[in-house]
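Asker: below are the sequence and a predicted model; questions follow.
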Amino acid sequence: MGIRFCLFLILCATVHAYAQLPVGTTTIVPPQDTTKKESPVSVPAANDQSSSPRSYGNIVKANTETRKGIFTIHKTDNNYYFEIPDSLLGRDLLIVCRIAQGAAGIRPEYTGYAGDQVNNTVIRFEKGPSHKLFLRRITFEENAGDTTDAMYNAVVRSNLQPLVAAFGIGAYGPGNRSSVIDVTDYINGDNDIFFFNSATKKTMRVGSLQSNTSYIKDVNAFPLNLEIRTIKTYVNNATDNNFTLELNTSVVLLPRKPMRKRFSDRRIGYFSERYTDYDANPQGVKVVNYIKRWRLEPKPEDVQKYMDGQLVEPQKPIIYYIDPATPKVWVPYLIKGVNDWRPAFEKAGFKNAIIALEAPNAKDNPNWSLEDSRHSAIVYKPSSFANAAGPIITDPRSGEILESHINWYHNLMSILQEWYMIQCGPNDPRAQKMKFDDDLMGQLIRSVASHEVGHSLGLTHNFGASASVPVEKLRDREWLAANGHTPSIMDYARFNYVAQPQDSVGERGLISRIGVYDLWAIEWGYRWFPQAKTADEELPILNSWANERLRNDKLRFGSEFATGDPRSQTEDVGDNAMKAGEYGIRNLQRVVPNLIQWTYQPHEGYRSLQRMYTALTNQFDYYLGHAMTYIGGEYETLKSMDQPGPVYETVPVEMQRDAMDFLARQVFKTPTWLLDTAILTRTGQSPTTIVSRSQDMVLSGLLSSSNLSKIVTSQATYGPRAYQLIDFLDDLDEGMWTELTTFESISLYRRNLQRSYIDRLLELATSTRSDREYRDVAPIIIIKLGEIQQHIKKGMLKIKDVMSIYHLRYIDNKITVALADKHR
């Protein structure tokens, strides 16, 4: 593929560089703007556009405050000037805007907090005619390789980057080697370069800027970046009220030479950048994906040591600072959550590659800022939203991660408490109360921190990791202590709900931690290959390496988007969801009778009991959902063409039938163990609603158009090896009508279930969509409904319960009427 240069490097060069463009390249020179008064949003001007620049001394006066850095910043009275050296014209500058102080009362969902990112984009400055300096927005979505060929020129001509602002040059610096522009109006105004982008504005309902209550607070210059602080007042589009917040905008100089790309491999889960390459494939175009990762390279003096297999420190380690607002009790656990990744980087050849530190004291370091784009941090959010997230800022040219602000929301602890009490309470006495000990909560925080740091290192979720662990191993105390219950912290296999109290499994076997997949993924992404001179030369090395290592099933990656693969599910553990669910339900059955005692708090009502009971029913639904995914499921094992065997395989029929049997026993048969009268009479929750919710969820999923489509498609693809549609409906029907065989009375819960079942079958039988899209479905279901009617008629002869008979007559009549209407 060769070394590729970004097609746009030439587009934003200075006027003198235009003459050097390849023959055939068209450039567009904007017409001279003679407007006297221009909008500060679109075309701010330091002086009249038609006037000539003044002398340097007319701007930089005796009373001017000057700060030197990437640009020299001059402040005269209330005006701010950028002095931009010619050496930086045409250089890529990354703009990152974050909220420094959030506004009260404007936080939809989980946005609007201090530290939240509201924009990032890439710009370049370039000189234009009539003493102007233009600002151009840059994207990297399309590319061509050789800068001398016709394809390159064609791509360039079709992708001129937009000019988004123009500044009159107020003066030229000493030796005419720099340009001074007045940026006061541009920074005081509103634009989608330095401040909110349109998407974030929509999410936060940000309206028009109120200029009379907005101002520049400060502009600071550093060697590789500028930090701009502004106070902005906007109208809230939802309420028409004003809100004020403080924004921090960073202008960061990107490296002149981008880091070498590493092309992505779908078998290892990394976030990626992409572009369309018109030169890689002579018979078409190719979408090129490359991973997001930090730049880790040995120090020059350590290169030979690295090549000899010795661990070396990187030139620049990855450093995370802990927000000073974080409660002190949790700081050590967050630090451990970061430092837990060190062994993974050692696999890649680097020691001390990642470091967590407390943020510097503001009194001792007044210029240090958490919003400074040079600093990565775990930012503590005083929010009721229960979440954490690890967003990253990257150089779009190479995928190099430049910094990350991991958002840690205060109320995350409440959901950790719910999960751990419900899933692990029977195994860990420390979880049998509403206030966990600091060390237990600290270990839960540490686990989540490791997960979010993994995202900030470039790793995506790996929902397939836990499926490599045999369920019975999840009860083996010694094995768990050595290996953990999942090979990846990036899985949503948070806690081991399979272990039973008699197994005496300790903390290390219950809480997820960094595993062998994580070590492998970091090694694959961060191993330095000096023998390869280009990203293309790395490809055969990485591919061969992956082919060899991925023979180990514990290193397999399962995408969170492989929704039809039962091995890639959220919140599951083990290689068999039905076995794992059986053990999980046994533990839930242990929790229910103890829940009132575990949630007891003196002088409090029953809100905690209701919250935990709801968490328990949600957990039960997870187990049902895990089993449902097997029915009509298809394994997806990502492979390169060098690996043998198919990528897609149907889930074995016996496992699909096991799943159906599991659902029949656990939810079609009324889960009366859930209906604890002592709990229900204290929380006011309806037992019929609780049961119907779970039953309807399963029925809707099994008889959904998407699931029926999977079954029909699987039957067409795999023939007799697939779960046949008729067999599926027979097995489902068997779990619905056990009373017609045993002649027992039909309970309220079962009557509700059977009516929901018939309603769904009738909907499918009479739907024109079923006739059109799944032609076998409606005819089979119509026959099935006739069989159900015959079964009902026989059952009514022996069932004695009056309510049951009325219920069966109602269903019989409903089927008759519906099918008669269809055939009219």
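Answerer: Looks like it arrived, so ask away.

Asker: hey, let's count contacts and neighbours off CA atoms from now on
Answerer: OK.

Asker: now the helices: where do they sit in the stretch 251-400 of the chain?
Answerer: 303-307, 331-339, 342-347 (DSSP state H, counting those that start in this stretch).

Asker: kindly report the same for the stretch 601-750 of the chain.
Answerer: Ranges of helices in the stretch 601-750 of the chain, per DSSP H, counting those that start in this stretch, are 607-628, 653-663, 677-683, 687-702, 705-718, 725-736, 739-742, 748-766.

Asker: in a markdown table, list those helices along with mean neighbour count and mean pLDDT.
Answerer: As requested, those are exported to a markdown table (neighbours: other Cα atoms under 10 Å; pLDDT from 0 to 100):
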| stretch | mean neighbour count | mean pLDDT |
| --- | --- | --- |
| helix 607-628 | 20 | 97 |
| helix 653-663 | 19 | 97 |
| helix 677-683 | 14 | 96 |
| helix 687-702 | 17 | 96 |
| helix 705-718 | 17 | 92 |
| helix 725-736 | 16 | 95 |
| helix 739-742 | 16 | 94 |
| helix 748-766 | 18 | 94 |
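
Asker: in TSV: these, plus distance to residue 303.
Answerer: Formatted as TSV, those follow (distance: least, Cα to Cα, whole Å):
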stretch	distance to residue 303
helix 607-628	48
helix 653-663	52
helix 677-683	65
helix 687-702	56
helix 705-718	53
helix 725-736	61
helix 739-742	75
helix 748-766	67
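
Asker: so for residue 366, which of these sits nearest?
Answerer: Proximity to residue 366 (Cα to Cα) singles out helix 607-628 among the helices of the stretch 601-750 of the chain, at 43.1 Å.

Asker: only C-alpha atoms, please: export that closest one in CSV.
Answerer: Output in CSV follows, covering the C-alpha atoms of helix 607-628 (Å, rounded to 0.1, in the frame of the first residue of the first chain):
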residue,chain,number,x,y,z
ARG,A,607,-37.2,2.8,49.3
SER,A,608,-34.0,0.7,49.5
LEU,A,609,-35.9,-2.5,49.6
GLN,A,610,-37.9,-1.5,46.6
ARG,A,611,-34.7,-0.5,44.7
MET,A,612,-33.0,-3.8,45.5
TYR,A,613,-36.0,-5.9,44.7
THR,A,614,-36.3,-4.2,41.3
ALA,A,615,-32.6,-4.9,40.7
LEU,A,616,-33.2,-8.5,41.6
THR,A,617,-36.1,-8.9,39.1
ASN,A,618,-33.9,-7.2,36.5
GLN,A,619,-31.2,-9.7,37.1
PHE,A,620,-33.6,-12.5,36.7
ASP,A,621,-34.6,-11.0,33.3
TYR,A,622,-31.0,-11.0,32.3
TYR,A,623,-30.7,-14.7,32.8
LEU,A,624,-33.8,-15.2,30.7
GLY,A,625,-32.5,-13.0,27.9
HIS,A,626,-29.2,-14.8,27.9
ALA,A,627,-31.0,-18.1,27.1
MET,A,628,-33.2,-16.5,24.5
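
Asker: let's number from 59 now, not from 1
Answerer: Noted, 59 is the first residue going forward, which turns the last one into helix 665-686.

Asker: circling back: figure out which of the helices of the stretch 309-458 of the chain is closest to residue 656.
Answerer: So among these, helix 389-397 is nearest, using Cα to Cα, at 25.5 Å.

Asker: tell me the pLDDT of residue 580.
Answerer: We have a pLDDT of 98 for residue 580.

Asker: which element is it on?
Answerer: Using DSSP states H and E, residue 580 maps to helix 574-584.

Asker: other residues contacting that helix?
Answerer: Helix 574-584 has contacts (Cα atoms under 8 Å, 6 or more residues apart in numbering) with 320, 326-327, 349, 351-352, 354, 401-403, 405-406, 517, 523, 545-548, 600, 612-614.

Asker: and the next helix or strand past it?
Answerer: Sequence order places helix 593-607 as the next helix or strand after helix 574-584, per DSSP H and E.

Asker: model confidence over that next one, on average?
Answerer: The pLDDT scores in helix 593-607 average 94.

Asker: buried stuff in that helix?
Answerer: Along helix 593-607, these residues count as buried under the neighbour rule (16 or more other Cα atoms under 10 Å): 593, 594, 596, 597, 600, 604, 605.

Asker: now do it against helix 574-584, angle only.
Answerer: Here helix 593-607 runs at an angle of 160 degrees relative to helix 574-584 (axes from the mean of the first three to the mean of the last three Cα atoms, to 10 degrees).

Asker: after helix 593-607 comes which helix or strand?
Answerer: As assigned by DSSP H and E, the chain's next helix or strand after helix 593-607 is helix 635-649.

Asker: state the next helix or strand along the chain beyond that following helix.
Answerer: Past helix 635-649, the next helix or strand by DSSP H and E is helix 653-656.

Asker: return that following helix as CSV; C-alpha atoms alone will do.
Answerer: Output in CSV follows, covering the C-alpha atoms of helix 653-656 (Å, rounded to 0.1, in the frame of the first residue of the first chain):
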residue,chain,number,x,y,z
LEU,A,653,-33.7,-8.8,51.3
ILE,A,654,-35.7,-7.1,54.0
GLN,A,655,-33.0,-7.8,56.5
TRP,A,656,-30.1,-6.8,54.2
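
Asker: run through who's touching it.
Answerer: Applying Cα under 8 Å, 6+ apart, the contact partners of helix 653-656 are 490, 491, 492, 667, 670, 671, 737.

Asker: could you dump those residues to JSON lines with distance to residue 768?
Answerer: JSON lines is the format used below for the contacts of helix 653-656 (distance: Cα to Cα, whole Å):
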{"residue": "490", "distance to residue 768": "42"}
{"residue": "491", "distance to residue 768": "44"}
{"residue": "492", "distance to residue 768": "43"}
{"residue": "667", "distance to residue 768": "40"}
{"residue": "670", "distance to residue 768": "35"}
{"residue": "671", "distance to residue 768": "34"}
{"residue": "737", "distance to residue 768": "40"}
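
Asker: distance-wise, check the closest residue to residue 413 other than its chain neighbours relative to residue 240.
Answerer: Among residues not flanking residue 413 along the chain, residue 377 sits closest, at 4.8 Å (Cα to Cα, 6 or more residues apart in numbering). Residue 377 sits 36 Å away from residue 240, taking Cα to Cα, to the nearest Å as the criterion.

Asker: closest to residue 127 out of the contacts of helix 653-656?
Answerer: Closest approach between those and residue 127, by Cα to Cα: residue 492, at 52.5 Å.

Asker: quick check: that closest one is in a strand.
Answerer: No - counting by DSSP: H, G, I helix; E, B strand; the rest coil, residue 492 is located in no strand; its state is coil.

Asker: who has more neighbours, residue 377 and residue 240?
Answerer: residue 240 (24 against 18; other Cα atoms under 10 Å).

Asker: who does the more buried one form a beta bridge with?
Answerer: residue 139 (DSSP bridges).

Asker: wait, it touches residue 142, no?
Answerer: No - using Cα atoms under 8 Å, residue 240 is not in contact with residue 142; the gap is 11.1 Å.

Asker: can you list the domains in this protein?
Answerer: 73-86+97-311, 363-656 (automatic domain parsing).

Asker: quick one: mean pLDDT over the shortest one.
Answerer: In this case it means domain 73-86+97-311. 80.

Asker: how far does that domain sit from its chain's centre?
Answerer: Put simply, domain 73-86+97-311 sits 29 Å off its chain's centre (Cα atoms, centre = their mean, to the nearest Å).

Asker: could you say which helix or strand holds residue 154?
Answerer: Following DSSP H and E, one finds residue 154 within strand 151-159.

Asker: direction included, what does that strand pair against?
Answerer: strand 175-186 (antiparallel), strand 300-311 (antiparallel).
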